[in-house]
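Engineer: need a 3D model of the sequence below.
(3 chains)
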Amino acid sequence: MSTGWYLAVSAIVFAIGAAGVATRRNPLLVLVCLELMLNAGNLAIVAFARMHGSTEGHVFALVVMVVAAAEVAVGLGVVVALYRNRVPVDVDELRELHG
Amino acid sequence: MSPAEAAWIVLLLPLLGSVVLGLGFRVWRGAQAGIIGTASVGLAFVFTLVSLISLLGRKEEGTRQITSSLYEYVNVGGVKVELSILVDPLSLVMLMVVTGVSTLIHLYSLAYMRGDNGYTRFFSYLNFFVFSMLVLVLAGNFVLLIVGWGLVGAASYMLISFWYRRNTATTAGIKAFVINVVGDIGLVLGVILLLRHTGTVDFLEAFHGAKETFGEHGNGSLTAGLLLVMVGAFAKSAQLPFHTWLPDAMEGPTPVSSLIHAATMVTAGVYLIARLHPFMELSQTAQTVGMVVGCLTLLVAGTIGLVQTDLKRVIAYSTMSQIGYMIMGVSAGAYFASMFHLATHAFFKALLFMAAGSVIAAMASEQNLDKMGGFKKAMPFTYGAFVIGGLALSGIPPFSGFFSKDEILSVIGEQGGAYWLLYVAGYAGAFLTAVYTWRMIFRAFWGPPVEQAKELEGGHLYHAPDHRNPATGELEDTEVGFPGPEHHIAERAPAMKLAMGTLALLAILGGLLGIPKVLTPLEKFLEPTFEAGLAGHAVHPGNGIIIVGLVIGTIVGAAGIYVAYLIWGKPLSQGQPATTHSSKWQAKFAPVHRFFLNKWYFDELIDYAIVRPVRWFGRFAHDTFERLVVGGAIVGGTSGAVRGASALVRRLQSGYMRAYSAVVLSGLAVLLVYFLTQS
Amino acid sequence: MSTLAVTEAPHIDWAGISSLIALFGGAVVVLLVGLLRARFARLTLVPVLTIVAFAASIGLAIWQWDEDTSLMSGALGLDPLAMIGVVGIGVAGIAAVLLSIGATAPREAAHGEYHAMMLVAAAGGAMFVGAENLITTFIGLELLSIPLYVLAATELHRRRSLESGLKYLIVGSVGSATLLYGFALIFGATGSLDYAAIADQVAAKGLGDDPLMLGGVAMVVVGLAFKSSVAPFHQWTPDVYEGAPTPVTAFMATATKVAALIAFLRLFDGALIGASDAWGPALAALASIAIIVGNVGALGQSSMKRLLAFSSIAQAGYMLVGVVVATKLGVQATVFYVLTYVVMTAAAFAVIEAAERESGHDGISALAGLGRRRPLHAIALTLSMLGLAGVPATVGFVAKLRIVQAAVDGDYSWLAIVLVVGSMISFVYYLRVVARLWTDEPAGVAVAPQSQAVEVEAPEAVATTTAVADPKGLPAAAVPGGGAVVVTGATILPMTVLAVVAGAAIVVLGVIPGPLMTVVEDVARAVPELFR
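Structural biologist: Model prediction:
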């Protein structure tokens, strides 16, 4: 299978993630969508790594996974803190800062 | 001490004064602050004299232009900017005027501002202004020039808005700031354009290479650069169409109007064009633009001055008009004459403002000419000063303004051709000058004394029942941020008398600096600066035109005064008995008076033929041109666009993070499309 | 291949990575010390140790100054550009620690964790500025960002703090993901992750107009523009700056800017220089949009932190100009600017933090009459504002002069014009702040906040709650519903020190910029691709 197909799939996943971030109001779903975007990048990297026959790319993908996990962990932490402060868990309600 | 060393000290002293007062405002309140401020500037004047004497001691050719560098400021990519000053006759003349007049105005403020609650702050600002002006004048390269240019703008803004709780003052400050920023942008861009070609920021180096860089007759980029630089000069010198800030700037305390908006800062544009004369001479277009703008300004401002009722605003329009002469002259190559007029104008205009300040103080801050009258007896000293200033301004011999103004016009007239238009316009302007100047004198000092004048005659200073903003009538208190409770007038304060007396003397004797063909010390002194560029360009007016000019100047000035007298000075015939003073005058000029025979007819004629059209034009220029074109298009348009953009940016800052993500993603989409079209 | 290759452990240059070790080691130590129960350990030892760690990283960076190699098989560069970045971040870190003394944020998050987080973020920044490989770039970026997300949300009981944390996290992650995808495309086009190899590949294969490559570059532009808050990817900046605790905002504003701009230089003027025909105009457009949006947006702001956020957007635009021109002069100009920016911003935030503690809010009105109450603070903030505006005799003027010169020299005169016009607009809001400092009388007591009561918590706030009259006889700040909060000179001593030092630096460097300029001369060595 040519790299082009992998790339197409990863682009679609990236677009889905992006669309989700821009439309979803639940922060948990937004975090999931961010995950999609990062992993779309990962997919592309792995595909290219195979195409070029290099191991560097695979290492990169592993690193990205760790980073993504850290990001989600922080995100969940903030969401929990919001919940405990009785702030509605909805990103559109969080707009005290604006202007 | 070498001239440059002395000049460095001159530069340092006001800065020191400003910093000391700025940091020590808790320690030095009251009189000490004024003395520190005045002393620093006075010492600067002394060192200017030292520098002058030292420079005069250098006789050999080419040793009177000294660039002195403190250290290398920036040196990157082959462009070296040093912290350097240029001491040459031109900068020394400016230095003399700036430090000299500043010292006197500090002296005046010592008493005038005494009752204000921001006394220390005032002197700190004023010293800062002097420092900035000195940086501008002494700058040895373009970068330092821009530095000084920006600093004087900031100082002017701070001083116009000195009474910061007064809305009209802060608005005026902002207006001045906006217009000056437009000018600053012009200057910076113009200099960038010029520097791309010269490759050096140093004045003397750039001037020496001017012809090699731009060719014998200049080129497009030189003209474009100069025109942009001139935008800066026009904005700072309140020339059309960037002039509206100057009348509004009269919201500042009167010593500020006297120092910044009459004697020094507003002449920076003239100095700039004189400084860049080696460039100017290569570009016919730039010279023409300068002459036309100067000429239009002197006419328009003169007519507007006729119809204003605010005492300080009349003088402000007069300042614009006089600077119009200088800009016209300096653009036409009349460098000595323009610098001469710059110096004499600084003397008599500062004097007029001081006298006006004295009247305003006596009126308890009222500035409306309609409400003044009859101060002649109450304030003889002020009256004398105002008359001397007025005579000098109207160009009556042998006062200083007579020689300097006619010098400019005769250099222009000598060049013939289309220059004749400017020549005639210049004398028309001189007529207007005499009329509006004497209108002020007749209305403020002649006629029946008003209540305030009567009280003063009785030995009491008039105090208004409550403090109001003279422009809007709003009630004010006398705390910091508003004018203080007490006001001082020249009749009683020795410091103010001393300052005004000295300036009056200078206004009378200033002409000695340059009586054509007879006594020309200023011209001889300035020669080293201008000779380099003057090859084939020097204009020396012939004897004929000089004599004709002096005669016309006298006649025009006297005629203007007489017209003013007929309209405003002559006592009303019915009901009110003529004062002895004016009836004597009437008797003296009986033949002239009989020549017009019917006074009603004459009054009508003047009214319909001269006064009404001029008034109409003045009103038109003020209401339509200033309000709509300048206020609306330039100031309003610029600030409106900025304000609108600001509202848009803040509206987009909606607070919705989904929207933010969407903006990031759409930005990404745009960039992707752009980059992919590049492939 | 069935035979296992004998792998040799890579050579590790311990001296080279010593400043990174100082930061990471410091983080571990601080975290452990923060667990101690003694008040002294938490309140005094932790900040001191954090400052020691920052100072050590600065010292070690200076020690390694003359080196010019790469470490970890080309993953990290050890050169003056990286070292100057470490120094800049270290200075920013020290400033932030000083501002945190006695602040609410470290109390709520526990001192150890708070300071450790700051050290880790700084370590991430240090990696980011030295990275010469796409992997280390990404790790550096995330290591810098993730602790900042946490730090922004540390005031767990303040809704705005949480909001700013979540906002930063979500919008920031979109930026990171975009950057990652861009890296993936560049990797795909060149088959390499090393900057040097990428530059070689672009030059050798003429990838300057390869769609895959350019798509990648576009996405990388977005990612880095986001980090350095270049418009139109700036929108998180004002909200996060305003919502985050002020010491964190100060750190974010300074350290992130240093890291992001240096990364910009390395990546674009280094690895991607071959495609500069494509990215040059795009970045120039972004820079001018940032200059306009930042300056115009700052005009009507009433919150100081928000105002500085918009100002930082404009400043990012100025700094980007040095990247755009892709010349040696440009690199030097940007680095010089970024360092001066750290100093000027640190001075501003020091004063804002002090005023915020006194009045409970960060509005410009809190600064009214500061000239009389605390002249030292007022002078420092005045200098900072004038410096940011680029007034002569401050270091900001020199910095702007260099950027303008680089722009004109690099045939981007129009960008210089935008820059000049933008700075003129900026005068309006900077001077508004200055005017507020010096003219308004303090209204008896410091201006009270609209609604938020200052959280006064025992026992750390003992110093602030005891009703000791101010030594200078200054009015106490009364907070409705929160009891009287007296801010003494001692409580804000760290801020005063920082403000005075930074303010002095603004003037001294403004009058004598020569030495710093000489230091910055060296940095261009780090981007050899420019000299091909």
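
Engineer: please make it C-alpha for all contacts and neighbour counts, starting now.
Structural biologist: OK.

Engineer: shaky segments in the chain?
Structural biologist: I'll assume chain A. By pLDDT under 70, the low-scoring segments of chain A are A:1.

Engineer: please go with chain C instead
Structural biologist: Residue ranges of chain C with pLDDT under 70: C:1-5, C:10, C:440-490, C:529-532.

Engineer: please work out which residue of it is closest to chain A.
Structural biologist: Proximity of chain C to chain A (Cα to the nearest Cα) peaks at C:Y181, 4.5 Å away.

Engineer: excluding its backbone neighbours, what's nearest that residue?
Structural biologist: A:G41 (4.5 Å; Cα to Cα, 6 or more residues apart in numbering or on different chains).

Engineer: swap in B:T309?
Structural biologist: Nearest residue to B:T309 in three dimensions, chain neighbours excluded: B:L369, at 5.2 Å (Cα to Cα, 6+ apart).

Engineer: distance check, that neighbour against chain A.
Structural biologist: Taking Cα to the nearest Cα, to the nearest Å as the measure, B:L369 falls 48 Å from chain A.

Engineer: for that residue, what are its contacts?
Structural biologist: Neighbour list for B:L369: B:309-311, B:440, B:443-444 [criterion: Cα atoms under 8 Å, 6 or more residues apart in numbering or on different chains].

Engineer: can we see that at 7 Å?
Structural biologist: Contacts for B:L369 were tallied using Cα atoms under 7 Å, 6 or more residues apart in numbering or on different chains; they are B:309-311, B:443-444.

Engineer: same question for B:V97.
Structural biologist: Contacts of B:V97 by Cα under 7 Å, 6+ apart are B:A343.

Engineer: what is the mean pLDDT for the helix or strand that contains it?
Structural biologist: Take DSSP states H and E as the rule and B:V97 turns out to sit in helix B:89-112. Helix B:89-112 shows a mean pLDDT of 89 in the predicted model.

Engineer: same check on stretch B:331-344?
Structural biologist: Per-residue pLDDT values across stretch B:331-344 average out to 86.

Engineer: okay, now the domains of chain B?
Structural biologist: B:3-561, B:639-678 (automatic domain parsing).

Engineer: and the end-to-end length of the longest one?
Structural biologist: This points to domain B:3-561. One end of domain B:3-561 to the other measures 44 Å (Cα to Cα, to the nearest Å).

Engineer: off-centre distance for it?
Structural biologist: Taking Cα atoms, centre = their mean, to the nearest Å, one finds the center of domain B:3-561 at 4 Å from the center of the full chain.

Engineer: which residues of chain A lie near chain C?
Structural biologist: Contact residues, chain A versus chain C (Cα under 7 Å from any Cα of the partner chain): A:34, A:37-38, A:41, A:44-45, A:48, A:52, A:60, A:67, A:71, A:74-75, A:78, A:81-82, A:85, A:94, A:96-98.

Engineer: need the buried ones from the residues you listed selected in PyMOL.
Structural biologist: Remark: buried members of those, expressed as a PyMOL selection using 16 or more other Cα atoms under 10 Å in any protein chain shown:
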select buried, chain A and resi 34+37+38+41+44+45+48+52+60+67+71+74+75+78+81+82+94+96+97+98
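
Engineer: so where is chain B shaky, pLDDT-wise?
Structural biologist: B:25-26, B:28, B:60-62, B:77-78, B:490, B:517-518, B:531-539, B:570-618, B:620-637.

Engineer: chain C contacts on that one?
Structural biologist: B:73-74, B:77, B:147, B:181, B:185, B:189, B:642, B:645-646, B:649-650, B:653, B:657, B:660-661, B:664, B:667-668, B:671-672, B:675-676, B:678-679.

Engineer: how about the nearest residue in space to B:G324 that is not next to it in sequence, secondary structure?
Structural biologist: Excluding the flanking residues, the one nearest B:G324 by Cα to Cα, 6+ apart is B:G294, at 4.1 Å. Judged by DSSP: H, G, I helix; E, B strand; the rest coil, the three-state class of B:G294 is helix.

Engineer: can you pull the contacts of B:G294?
Structural biologist: With contact taken as Cα under 7 Å, 6+ apart, B:G294 is in contact with B:239, B:324-325, B:327-328.

Engineer: among those residues, the buried ones, what's the ChimeraX command?
Structural biologist: Remark: buried members of the contacts of B:G294, expressed as a ChimeraX selection using 16+ other Cα under 10 Å:
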select /B:239,324,325,327,328
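
Engineer: returning to what we had before: which of the residues of chain A next to chain C fall within helices?
Structural biologist: Under the assignment DSSP state H, the residues of chain A next to chain C contribute A:34, A:37-38, A:41, A:44-45, A:48, A:52, A:60, A:67, A:71, A:74-75, A:78, A:81-82 to helices.

Engineer: filter the contacts of B:L369 to the buried ones?
Structural biologist: By neighbour count, with 16+ other Cα under 10 Å, the contacts of B:L369 hold B:310-311, B:443-444 as buried.

Engineer: will you turn the residues you listed into a markdown table that also has distance to A:W5 and secondary structure?
Structural biologist: Below are these laid out as a markdown table (distance: Cα to Cα, whole Å; DSSP: H, G, I helix; E, B strand; the rest coil):
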| residue | distance to A:W5 | secondary structure |
| --- | --- | --- |
| B:D310 | 81 | strand |
| B:L311 | 83 | helix |
| B:R443 | 92 | helix |
| B:A444 | 92 | helix |
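
Engineer: which among these gets closest to C:L267?
Structural biologist: B:D310 (63.4 Å; Cα to Cα).

Engineer: spell out which residues of chain B are next to chain A.
Structural biologist: So far as Cα under 7 Å from any Cα goes, chain B lies against chain A at B:650-651, B:653-659, B:661-662.

Engineer: which of those lies closest to C:F138?
Structural biologist: Using Cα to Cα, B:S661 comes nearest to C:F138 of the residues of chain B next to chain A, at 20.2 Å.

Engineer: I'd say the closest one and C:I170 touch.
Structural biologist: No: at 8.0 Å, B:S661 does not count as touching C:I170 under the criterion of Cα atoms under 7 Å.

Engineer: ok so, going back, and the residues of chain B next to chain C, which are buried?
Structural biologist: Neighbour counting with 16+ other Cα under 10 Å marks B:73-74, B:147, B:181, B:185, B:189, B:642, B:645-646, B:649-650, B:653, B:657, B:660-661, B:664, B:667-668, B:671-672, B:675-676 as buried within the residues of chain B next to chain C.

Engineer: the residue nearest to B:T309 and chain C: what is the separation?
Structural biologist: 32 Å.

Engineer: now that residue: how far from B:V359?
Structural biologist: Per Cα to Cα, B:L369 is found 10 Å from B:V359.

Engineer: do B:G481 as well
Structural biologist: From B:G481 across to B:V359, the span is 22 Å (Cα to Cα).

Engineer: can you check B:I192 too?
Structural biologist: 46 Å.

Engineer: same check on C:K328?
Structural biologist: Per Cα to Cα, C:K328 is found 63 Å from B:V359.

Engineer: same question, B:I105
Structural biologist: As for B:I105, its distance to B:V359 is 16 Å (criterion: Cα to Cα).

Engineer: now do B:H341
Structural biologist: Relative to B:V359, and taking Cα to Cα, B:H341 is found at 26 Å.

Engineer: likewise for C:P232?
Structural biologist: Taken as Cα to Cα, the span from C:P232 to B:V359 is 57 Å.

Engineer: of the two, which one has the most company?
Structural biologist: The neighbour count for C:P232 versus B:V359, taken as other Cα atoms under 10 Å in any protein chain shown, is higher for B:V359 (28 against 22).

Engineer: the more buried one: which element?
Structural biologist: Using DSSP H and E, B:V359 falls in helix B:335-362.
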